[in-house]
Each structure stands twice: as C-alpha cells, then as structure tokens.
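quick one: sequence plus predicted model below, questions after.
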Amino acid sequence: MDVLSVLSHSDGIKLLEVILKQISIKLRGKVDCVAMLETRGFIFAPILSLHLNVPCIPVSKKGNLPGPVIELPYILEYGEDVLTVQLSSITKGQKVFIVDDFLATGGTLEAASRLIEKAGGEVVQGLVLMEKLELEGRKRLNFPMISLLSE
C-alpha cells in the first residue's frame, strides 16, 4: 500500500479533504487537539485540525522537536525508538485525536497514546489513512480507530 499515492492526484486530495471534513463534523466539541505522528501523519492531521478549529500537536522521534519534551522509549518489530512531544503542547485532561498514515502492528500508535497520557492528555480516538488488517494492530490500542482504507 502506498499512502502517498492519494496525494499524487488532485482528485485524491479533494476526496481526502471532503472525508476529513465529514469526520471533523462528528468530532466537533469532543476533542481539544489533534496529535500528528511523524512523518506522514503530518500531512493529514492539519486538515482535520483546521476543520475542528483546534491545535495540531506533533509527536516525533527523539531530537526532532525544539524546547523541553517528554520522551517515551518503545520497542518496534525491528528494534527500539523514542517518541517525543513538546512539554507545553498537551495540558492535563485534554482530549486528543491521534492521526497517522498507516496501522500495521500498532506499536507506534500504542506508544504515541502512552506518551500523550504521560503528558496528561487522553486519546479519545484515532485515524489512519490505511490499515493492514491481517496484522491486527488495532487490538493493541485502547481507543477506537477510524481507517479510511484497509488491506
């Protein structure tokens, strides 16, 4: 699955914007911010954030965000990594909608949700553009997910 193929045609971008606008209508008043996972979540999350009129918060790998950050090491299928979020970006009790491009094993989304909780937020729902169903990554997550496409 090639997530970026959606962006290679203007009709794909327009359709994605319409879908995200419809999702934002259902989310309005239920989320305080949108967390975007590096790097391809950075492409889709701002559209949703714009329609919701809420801030968009980057969740990134270690060393990529300026200022004080909260870190969370996590284990991947192929090794270890560290996710970070800026200390000032999430306030206690904030309801967070999390966005990434792809859900496979669920490791990155699970780690991102734990990081958001560590920062004081609560992940209320998530969205991915594509999901690989056979890997059952959704089972690792303790919040509902929306997948626009699945394989």
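Nice, I can see it. Numbering: from 1, shown residues only.

looking at this protein, which helix is longest?
For the chain, the longest helix by residue count, based on DSSP state H, is helix 10-27.

next helix or strand past that one?
Next in sequence after helix 10-27, counting helices and strands by DSSP states H and E, comes strand 33-37.

and the angle from that following strand to helix 10-27?
On the basis of axes from the mean of the first three to the mean of the last three Cα atoms, to 10 degrees, strand 33-37 is oriented at 140 degrees to helix 10-27.

from Gln22, how far off is the residue lying closest to Met145 once chain neighbours are set aside?
In this structure, Met145 finds its nearest non-sequential neighbour in Gly126, 4.8 Å apart by Cβ to Cβ, 6 or more residues apart in numbering. Yep, even glycine has a C-beta here, placed from its N, CA and C like the rest. Between Gly126 and Gln22 the computed distance is 17 Å (Cβ to Cβ, to the nearest Å).

okay, these two: which has more neighbours?
Gly126 (24 against 11; other Cβ atoms under 10 Å).

any idea how far Gly63 is from the more buried one?
As judged by Cβ to Cβ, Gly126 and Gly63 stand 25 Å apart.

where do the strands sit along this structure?
33-37, 56-61, 69-76, 79-86, 95-103, 122-131, 145-150 (DSSP state E).

any chance of the ones you listed in CSV, plus mean pLDDT?
Output for these, formatted as CSV (pLDDT from 0 to 100):
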stretch, mean pLDDT
strand 33-37, 98
strand 56-61, 98
strand 69-76, 95
strand 79-86, 95
strand 95-103, 97
strand 122-131, 97
strand 145-150, 95
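
same list (these) but as CSV, adding distance to His9.
Output for the strands of the chain, formatted as CSV (distance: least, Cβ to Cβ, whole Å):
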stretch, distance to His9
strand 33-37, 22
strand 56-61, 24
strand 69-76, 32
strand 79-86, 32
strand 95-103, 17
strand 122-131, 15
strand 145-150, 15
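
how about those, which one is nearest Arg138?
Closest of the strands of the chain to Arg138 is strand 145-150, at 5.6 Å (criterion: Cβ to Cβ).

partner strands of that closest one, parallel or antiparallel?
According to DSSP bridges, strand 145-150 has the following sheet partners: strand 122-131 (parallel).
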